[in-house]
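Participant: Quick check, what structure comes out for this input:
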Amino acid sequence: MGHLDHAAYGWLTPALSYVMASIGAALGLRCTVRALAATGASRRNWLLTAASAIGTGIWTMHFVAMLGFEVSGTEIHYNVPLTILSLLVAVLVVGAGVFAVGYGKDRGRSLVLGGLTTGLGVASMHYLGMAALRLHGEVSYDPLTVGLSVAIAVVAATAALWAALNIKSPVAVAVASLVMGAAVSSMHYTGMMAVAVSVSPSDAALPGATAMQFIFPLAVGLGSYLFITAAFVALSPTADERAASASAAQHLGEHTVPAH
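Facilitator: The predicted structure is shown next:
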């Protein structure tokens with residue numbers, strides 16, 4: 001059995017992965033709040049942004065954490081198509097959950113359906129990402145710990161969607177995002193605790209790309225996307241701010257004396 005190190009760089013990767021998960025959650029929650037106050041194409045666009053933010057944040061959290069994952073006796077490479085598929089799965093299933101909440105008539109049922117869909121999708125993303133590992137040996141999992149990680153994912157996703165429906169103030173959203181980040185990180189490391197690797201030493205070249213060749217540049221790119229989108233959302237006026245601005249403009253127009 002190979003010795004597994006989940007934090008080869010100390011607290012750097014766990015802390016950074018938690019930050020990415022929290023930023024993705026905060027951005028997604030803010031976009032969902034904006035969506036629920038909007039209609040038509042505007043609602044759809046906000047929900048799409050929310051799905052991409054949460055999905056990207058969760059995926060980036062997972063693979064930033066994986067930068068610190070090492071197994072004694074073997075290198076680790078990643079299958080590129082399978083890794084990209086895990087990103088697409090993360091965004092699509094989060095999108096399904098967010099749209100269920102954004103357009104559902106029955107809030108309770110939409111929340112349960114959205115939380116279950118999103119949670120299972122997050123777990124699928126995690127284990128697809130693990131399936132992309134290429135190393136000299138065999139990876140196995142403890143079924144009970146896997147089941148616990150899936151349960152954590154479903155509960156975390158449901159809590160996040162509940163927060164999107166019920167929490168409006170920026171401070172409350174920030175607190176909910178920190179909790180969501182902790183829940184997603186807990187799901188990841190619980191899932192990693194289920195992993196065992198039986199190493200078969202070999203000099204053969206591994207297929208795929210190393211973490212620094214592929215995962216690191218992609219994580220940096222997606223992290224930049226989150227920060228840029230966060231800045232856009234922060235600068236974009238809310239529905240209340242637009243209404244106040246329109247009201248002020250109308251009030252000013254009513255009291256403007258026409259020039260002769």
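Participant: what helix or strand does the closest residue in space to residue 184 that isn't next to it in sequence sit in?
Facilitator: Nearest non-adjacent residue to residue 184, counting by CB to CB, 6 or more residues apart in numbering: residue 21, 4.4 Å away. All C-beta atoms are positioned from the backbone trio N, CA, C, and that covers glycine. Assigned by DSSP states H and E, residue 21 falls within helix 12-36.
Participant: how about that helix: buried residues?
Facilitator: Buried residues in helix 12-36, counted by 16 or more other CB atoms under 10 Å: 13-14, 16-36.
Participant: cool, and stretch 104-114?
Facilitator: 104, 110, 111, 112, 113, 114.
Participant: what sits up against it?
Facilitator: Residues outside stretch 104-114 that contact it (CB atoms under 8 Å, 6 or more residues apart in numbering): 96, 97, 98, 100, 101, 103, 157, 158, 161, 162, 165.
Participant: now the second one, nearest residue through space, not along the chain?
Facilitator: Counting by CB to CB, 6+ apart, residue 97 lies nearest to residue 118, which is 3.2 Å off, once chain neighbours are set aside.
Participant: Residue 203 - that's part of a strand, no?
Facilitator: No: going by DSSP: H, G, I helix; E, B strand; the rest coil, the assignment for residue 203 is coil, not a strand.
Participant: Tell me how many other residues crowd it.
Facilitator: 5 (other CB atoms under 10 Å).
Participant: List phi and psi for it.
Facilitator: When read as degrees, to the nearest 10, the backbone of residue 203 gives phi -100, psi 0.
Participant: Then residue 74?
Facilitator: Here is the backbone geometry of residue 74 (degrees, to the nearest 10): phi -160, psi 150.
Participant: That one bridge partners, please.
Facilitator: On the basis of DSSP bridges, residue 74 is bridged to residue 71.
Participant: quick one: it and residue 137 touch, right?
Facilitator: Yes: counting by CB atoms under 8 Å, residue 74 does reach residue 137; the two are 5.8 Å apart.
Participant: any residues in contact with both of those two?
Facilitator: Common neighbours of residue 74 and residue 137 are listed as 2, 197, 199 (criterion: CB under 8 Å, 6+ apart).
Participant: Residue 234: which of those residues is nearest?
Facilitator: residue 197 (42.6 Å; CB to CB).
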